[in-house]
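sequence-free structure coming up:
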Ligand SMILES: Cc1ncc(COP(=O)(O)O)c(C=O)c1O
């Protein structure tokens, strides 16, 4: 009989340890916000396959679109024989991404590949080498994306040398302000610091792009103050620097707007999307100002699988679902419920140091001591494990892996959402009593 344990033994025998696994279970099927493992155990999914399943597992719209497309053709390579789904999706994304200026879109396969291409475009268009990225940022695992990523272990350790010409600024992480300041009396010093950065780290004339997540994803669901991006964007504009928004995790409705940058009223020059864009199929999009996107020469951008027609059809179905099922207002509702419960946890459990969020992207930072803010890494690991044993799947985030994040499908029922939150509370309560981590 197939059990989680027997499959895990096979996995360990045939697959290296590098590709990590959070939960020692194997899926049999998944629907909506529920995952059933090979032993028939059901779990409420607060992970959405790391932010990929905003429209829910195996939604009818997406599976229908996939089935219809695979019966016609699966792959021709857009570079060899073109197809309509690629063009149709590009047109839709050009229309719905922030910014009322002419845009163009191209597709590749993963978040990391999207980031790589965003940087390629920016470097080509500016003929400048340098990129400014942020502390606690995560942009992927390919060489350039990994070099842009901040966290050393496990993402970068032992994989050097890294790509050159990357310069790193502190992010607006108010709970752990790098400058020891407090919002709002800080007057967003961390954003204006970019001007100083040009003197101390890299001259503005050498910077092609600044790349930033609107809300840190892997870095711990850190939400910057409202004015932050406007300041950064203005400084970029004054210096001919391209502003790239990495909306890989924030995008496609997670923050109750289609793109998180809409909350900040900033129109990025380039936006990179992936994860939830295609309901579970691998796809990423780079959308940018037309003149930038058209800068690289013919043949300078692309890839064999980029913009696979099945994935593009799935993405068009995802867009339809957002409209039909009003998923943005669902995200808002989910966010309110999660935020309220997490804030109550903060009142009742000293381990909860900070609660923050935007839309349905809510994070709860766990600390051993509220004064020292020592990250409660071991407690967080135990909490994730205990919750799984009680039927809830979660993943942590943060440079110290001490943040619980909410990435549940936006189609989750109120009943399952409530149940999942109650499981977290039970876990917190049990572990707080013991504190044996
Ligand atoms: C903000 C952000 N950028 C880029 C990536 C990389 O995406 P992928 O894993 O599809 O390469 C991720 C993945 O977690 C992400 O959260």
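Cool, the structure landed. All values derive from a computational prediction rather than experimental measurement.

What is the neighbour count of the closest residue to the ligand within the chain?
The chain approaches the ligand most closely through residue 111 (2.1 Å), counting by C-beta to the nearest ligand atom. (Glycine included, C-beta is placed from N, CA and C.) Counted with other C-beta atoms under 10 Å, the neighbours of residue 111 add up to 30.

contacting residues for it?
By C-beta atoms under 8 Å, 6 or more residues apart in numbering, the contact set of residue 111 is 139-140, 145, 246, 248-249, 272, 274-275, 284.

before we move on, what about residue 409?
Residue 409 neighbours (C-beta under 8 Å, 6+ apart): 32-33, 45, 48, 53-57.

got it, and residue 271?
Neighbouring residues of residue 271 by C-beta under 8 Å, 6+ apart: 97-98, 244-245, 247, 251, 259, 261, 285-288.

Help me confirm that residue 429 comes into contact with residue 349.
Yes. Contact criterion C-beta atoms under 8 Å: residue 429 and residue 349 qualify, at 7.2 Å.

Out of these two, name the residue with the larger neighbour count.
The residue with more neighbours, out of residue 429 and residue 349, is residue 349; 15 against 12, by other C-beta under 10 Å.

Next, the contact list for the more buried one, please.
Residue 349 is in contact with 428-429, 432, counting by C-beta under 8 Å, 6+ apart.

In the helix or strand hosting residue 387, which residues are buried?
When secondary structure is defined by DSSP states H and E, residue 387 falls within helix 377-389. Neighbour counts over helix 377-389 (16 or more other C-beta atoms under 10 Å) mark 377, 379-380, 382-388 as buried.

Then stretch 36-43?
Buried residues in stretch 36-43 (16+ other C-beta under 10 Å): 37-38, 43.

Make TSV from those and add secondary structure to it.
As requested, these are exported to TSV (DSSP: H, G, I helix; E, B strand; the rest coil):
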residue	secondary structure
37	strand
38	coil
43	strand
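
In CSV: these, plus distance to residue 157 and pLDDT.
Putting those into CSV (distance: C-beta to C-beta, whole Å; pLDDT from 0 to 100) gives the following:
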residue, distance to residue 157, pLDDT
37, 31, 98
38, 33, 98
43, 31, 98
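
residues from this structure in reach of the ligand?
For the chain, the contact set with the ligand under C-beta under 6 Å from any ligand atom comprises 50, 110-112, 115, 138-140, 213, 217-218, 246, 248-249, 274.

okay, and for this protein, where does confidence drop off?
Along the chain, segments meeting pLDDT under 70 span 436-437.

which ones are touching residue 160?
Not one residue lies near residue 160 by C-beta under 8 Å, 6+ apart.

Check the gap between it and residue 130 for me.
Taking C-beta to C-beta, to the nearest Å as the measure, residue 160 falls 19 Å from residue 130.

which stretches of the protein form helices?
Taking DSSP state H as the criterion, the chain carries its helices at 4-14, 48-51, 60-70, 84-96, 111-126, 143-148, 189-200, 228-238, 290-293, 309-324, 327-348, 377-389, 414-434.

possible to save the ones you listed as CSV with distance to residue 368?
Formatted as CSV, the helices of the chain follow (distance: least, C-beta to C-beta, whole Å):
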stretch, distance to residue 368
helix 4-14, 31
helix 48-51, 26
helix 60-70, 42
helix 84-96, 43
helix 111-126, 32
helix 143-148, 30
helix 189-200, 26
helix 228-238, 29
helix 290-293, 46
helix 309-324, 40
helix 327-348, 15
helix 377-389, 7
helix 414-434, 12
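
Just say which of those helices is most tucked in.
Highest mean neighbour count of the helices of the chain: helix 111-126, a mean of 24 (counted as mean count of other C-beta atoms under 10 Å).

ok, how many other residues are close to residue 181?
By the criterion of other C-beta under 10 Å, residue 181 has 14 neighbours.

looking at it, it is touching residue 188, isn't it?
No. Residue 181 is beyond contact range of residue 188, at 9.4 Å (criterion: C-beta under 8 Å).

And the residue nearest the centre of this protein?
residue 249 (1.8 Å; C-alpha atoms, centre = their mean).

And that one, how close does it get to residue 408?
Taken as C-beta to C-beta, the span from residue 249 to residue 408 is 14 Å.

swap in residue 245?
From residue 245 across to residue 408, the span is 23 Å (C-beta to C-beta).

ok, the two, which is more surrounded?
A count of neighbours by other C-beta under 10 Å puts residue 245 above the other of residue 245 and residue 408, at 30 against 25.

If the more buried one is in a bridge, with which residues?
residue 212, residue 271 (DSSP bridges).

who touches it in this structure?
Neighbours of residue 245 in contact, by C-beta under 8 Å, 6+ apart: 212-214, 259-261, 266, 268, 270-272.

6 Å - rerun?
Going by C-beta atoms under 6 Å, 6 or more residues apart in numbering, residue 245 touches 214, 261, 268, 271.

Kindly report the same for residue 400.
By C-beta under 6 Å, 6+ apart, the contact list for residue 400 reads 375, 377.
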